[in-house]
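Chemist: I need the structure of the sequence given here:
(2 chains)
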Amino acid sequence: MFKLLKYNALPIFAALLLSACSSTPEPGQEAESDPMESVNRSIFSFNEFIDAILLKPVAQGYQAIVPEYGRERVSNVLRNLKMPVVFANSVLQGDPENAFSSFWSFTLNSTLGIAGIFDFAGTNTDLEVRKEDFGQTLGKWGVGSGSYVMLPILGPSSARDTVGLVVDAISDPFNWMDSEIVITRTVVTAIDTRAENLELVDDVYKTSLDPYATFRSGYLQRRETEIRNEDSAR
Amino acid sequence: MLNRLVRFFVVIITIAAISPQVWADEAGARAYVDSIGQQVISIIGEQNISNEEKQGRLREIFTDNIDFDWVGKFVLGKHWRTASPDQQQRYLANYKNFVIANYTSKFKQYSGQTYKIRSVTNLGEGDYILKMSIQDPNPKKPDILLDYKVREEAGAYRIFDIVVEGVSLITTQRSEFDSVVSRKGLDALIDLLGKRAQA
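Modeler: This is a model prediction of the structure:
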């Protein structure tokens, strides 16, 4: 699987990265950074369709059937599994504080928190972990977001962040396990994420005059906030 | 030597004269947002008035405290200059109704959150950004980061942007409106705003 990625995907990576070296769009004028807008809109319609018939109903069912306590446990486990990637990217960004927090959070939660089910570190220590990923690392290093990309199923992304997603997927040690486990994790992550965003997405559809543009602007602004580490009160 | 001393005192006195003004303005911005926050929370928390009455009072607060002319113009971006005076007028009227209708109804989702002003920063030219965090009554839920951008003009403060978790409302709206006008035209946008204001 890795061989395939290495040889076939390398030229695609390079192209994406080169296009990503362009600057980040000015907020409010994101249409200028969306040269693939018509393609993106088609993919967006496809995503809306899949969401309506599959993802949203499953997420709503999940929210209705599984009590909040259970859903919290699931979120905790998923968040804990992300810690190695957070740690690695904190190191790459030269952020020893977050590297320390993520390392110890992971260690404590995996052991005393029983495989991440309980957020021992969150409730018993002052450790605060900010989520980091390779897309943010690239951003920190000065790579602009590049063209806006609407990924099938995964949703809004950018040229840079797509590269980030792939690098994170490859480097995540939990993705080196049995493919059944990896698939289960991916599916559960999708449901958990969708369930957390049910209200937000409904809100956008209620107030927006062009949901595609709202998601695009919101996504790009949010990424800039995350790269500047303004997404936590620290 | 005497010259230097005099100059030194002049500098000190000038700084002393200006600084309280600067402090007063940042404190003024903070007091302003605090008073609005209190007003809004007290209206929402009132037990003996109907939801319609609440929405009406919130509408008043919105009208008095948001600079709709400036925000409307900003949000329309480059399309404002190419609009006819009649379009501009209709647009501003519909825009104001749209924002008020859509955002005053949100009070129904309020469930006892409290807010804390984390910092007040002077952005220059009378603009301030107040960074707040909204605490959910459920301690397990994370705080929401919310910023208000406030502008002081002739002694009065007004809100010109709300930033939720790093996403600016006026920036997002500008993107939306630009998209609608580019694809469907300004009249379509004005009509859409009018329709959505009934919601």
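Chemist: around chain A, which positions in chain B sit nearby?
Modeler: Counting by C-beta under 8 Å from any C-beta of the partner chain, chain B comes close to chain A at B:77, B:102, B:118, B:133, B:140, B:143, B:145, B:165-168, B:170-172, B:174-180, B:182-183, B:189, B:192-193, B:196, B:199. To be clear about C-beta, it is placed using only N, CA and C from the backbone, and glycine gets the same treatment.
Chemist: now do the strands in the chain.
Modeler: No chain was given, so I picked chain A. Here chain A has its strands, by DSSP state E, at A:148-151, A:155-158.
Chemist: let me rephrase: I mean chain B.
Modeler: Remark: strands assigned in chain B by DSSP E are B:114-124, B:127-135, B:144-153, B:156-164, B:167-168.
Chemist: can you add mean pLDDT and give those back as a markdown table?
Modeler: Output for the strands of chain B, formatted as a markdown table (pLDDT from 0 to 100):
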| stretch | mean pLDDT |
| --- | --- |
| strand B:114-124 | 89 |
| strand B:127-135 | 90 |
| strand B:144-153 | 90 |
| strand B:156-164 | 92 |
| strand B:167-168 | 94 |
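Chemist: that older thread, can you tell which of the strands of chain A is closest to residue A:88?
Modeler: strand A:155-158 (19.9 Å; C-beta to C-beta).
Chemist: and the contacts of the closest one?
Modeler: Identification of contacts with strand A:155-158 by C-beta atoms under 8 Å, 6 or more residues apart in numbering or on different chains yields A:20, A:47, A:135, A:145-151, A:165, A:215-216, A:219-220, A:223.
Chemist: how about stretch B:184-198?
Modeler: Residues outside stretch B:184-198 that contact it (C-beta under 8 Å, 6+ apart) are A:207, A:209, B:79, B:82-83, B:87, B:90-91, B:94-95, B:97-98, B:100-102, B:177, B:180-181.
Chemist: now do the contacts for the residue most central in space within chain B.
Modeler: Against the mean C-alpha coordinate of chain B, by C-alpha atoms, centre = their mean, the closest residue is residue B:159 at 2.8 Å. Taking C-beta under 8 Å, 6+ apart, we find residue B:159 in contact with B:36, B:65-67, B:148-151.
Chemist: who wins on neighbours among those?
Modeler: Among the contacts of residue B:159, residue B:150 has the most neighbours (other C-beta atoms under 10 Å in any protein chain shown), with 25 neighbours.
Chemist: ends of stretch A:203-217, what's the gap?
Modeler: 15 Å (C-alpha to C-alpha, to the nearest Å).
Chemist: so for that stretch, mean pLDDT?
Modeler: Throughout stretch A:203-217, pLDDT has a mean value of 93.
Chemist: now swap in stretch B:174-182 and tell me
Modeler: The predicted model assigns stretch B:174-182 a mean pLDDT of 94.
Chemist: can you name the residues in contact with it?
Modeler: With contact meaning C-beta under 8 Å, 6+ apart, stretch B:174-182 is reached by A:27-31, A:208-210, A:212-214, A:216-217, B:74-79, B:188-189, B:192.
Chemist: rerun at 6 Å
Modeler: With C-beta atoms under 6 Å, 6 or more residues apart in numbering or on different chains as the test, stretch B:174-182 has contacts from A:28, A:30, A:208-210, A:213-214, A:217, B:75-77, B:79, B:189.
Chemist: who wins on neighbours among those?
Modeler: Greatest neighbour count in the contacts of stretch B:174-182, by other C-beta under 10 Å, goes to residue A:217: 30 neighbours.
Chemist: identify the bridge partners of residue B:150.
Modeler: As for beta bridges, residue B:150 partners with residue B:128, residue B:159 under DSSP bridges.
Chemist: quick one: contacts for it?
Modeler: Residue B:150 is in contact with B:29, B:128, B:157, B:159, counting by C-beta under 6 Å, 6+ apart.
Chemist: and the gap between it and chain A?
Modeler: Residue B:150 is 19 Å from chain A, where distance means C-beta to the nearest C-beta, to the nearest Å.
Chemist: for residue B:22, give me the pLDDT.
Modeler: Looking at residue B:22, its pLDDT stands at 55.
Chemist: residue A:10 now?
Modeler: What the model reports as pLDDT for residue A:10 is 57.
Chemist: can you check residue B:95 too?
Modeler: On the pLDDT scale, residue B:95 is placed at 95.
Chemist: please work out how many residues are found near it.
Modeler: Other residues near residue B:95 number 24, with proximity taken as other C-beta under 10 Å.
Chemist: from memory it sits against residue B:70, does it?
Modeler: No - the pair residue B:95 / residue B:70 is not scored as a contact, 11.4 Å apart, by C-beta atoms under 6 Å.
Chemist: and of the strands of chain A, who's closest to residue A:124?
Modeler: Residue A:124 lies closest to strand A:155-158 among the strands of chain A, at 34.5 Å (C-beta to C-beta).
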